[in-house]
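> dropping a prediction and its sequence here:
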Amino acid sequence: MDRRIFLKLSSFSAAAIGLSLQGCADDELTTALFKPAFFSRFADQQTIHNAGIDYLKSFPSENSKSKLQDLLKEGVDDSARDNLHIQSAIDKKVQLDFDNGFTVISDGWVLSLTEARQCALFSLL
């Protein structure tokens with residue numbers, strides 16, 4: 001194999017691996033954002049979906065995936081790329097919401113604002 005071809009292939013391979021790893025990190029972030037961990041212990045997927053739909057009816061200005069992701073990512077460390085750290089940050093946001101009275105009633109459930117937004121994102125995905 002020609003050395004130039006080898007170097008080009010090596011460069012392209014490195015770039016492809018880097019992009020695929022970035023994609024995995026984004027998938028982990030998305031998964032942590034749309035899965036209300038605590039609420040999902042009590043509710044099935046249909047209940048989470050219904051709560052999300054109800055939330056979006058009450059807050060139509062947040063009816064987009066990008067808007068909800070931005071709101072959910074607020075306060076989450078940008079360097080946190082693995083699911084465990086991201087989920088931990090989201091769990092802290094949920095606890096702070098309850099501590100500060102940031103709750104909503106969605107489809108009959110009292111949810112933290114963060115959980116309600118997670119349900120809404122779930123319903124859009």
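On my side now, so go ahead.
> now the most centrally placed residue in the chain: which helix or strand?
For the chain, the residue nearest the mean C-alpha position is Leu33 (1.7 Å; Cα atoms, centre = their mean). Applying DSSP states H and E as the criterion places Leu33 in helix 3-34.
> again, but for Ala120
In this assignment (DSSP H and E), Ala120 forms part of helix 113-124.
> which residues are contacting that helix?
Helix 113-124 is contacted from outside by 33-36, 38-39, 45, 48-53, 55-56, 59, 62-65, 68-69, 71-72, 90, 93-94, 97, 102-104, 106, 111, using Cβ atoms under 8 Å, 6 or more residues apart in numbering. No exception for glycine: its C-beta is placed from N, CA and C like everyone else's.
> out of the residues you listed, which sit inside strands?
Judged by DSSP state E, the contacts of helix 113-124 include 103-104, 106, 111 as members of strands.
> which stretches of this structure have low pLDDT?
Scanning the chain for pLDDT under 70 picks out 1-31, 78-82.
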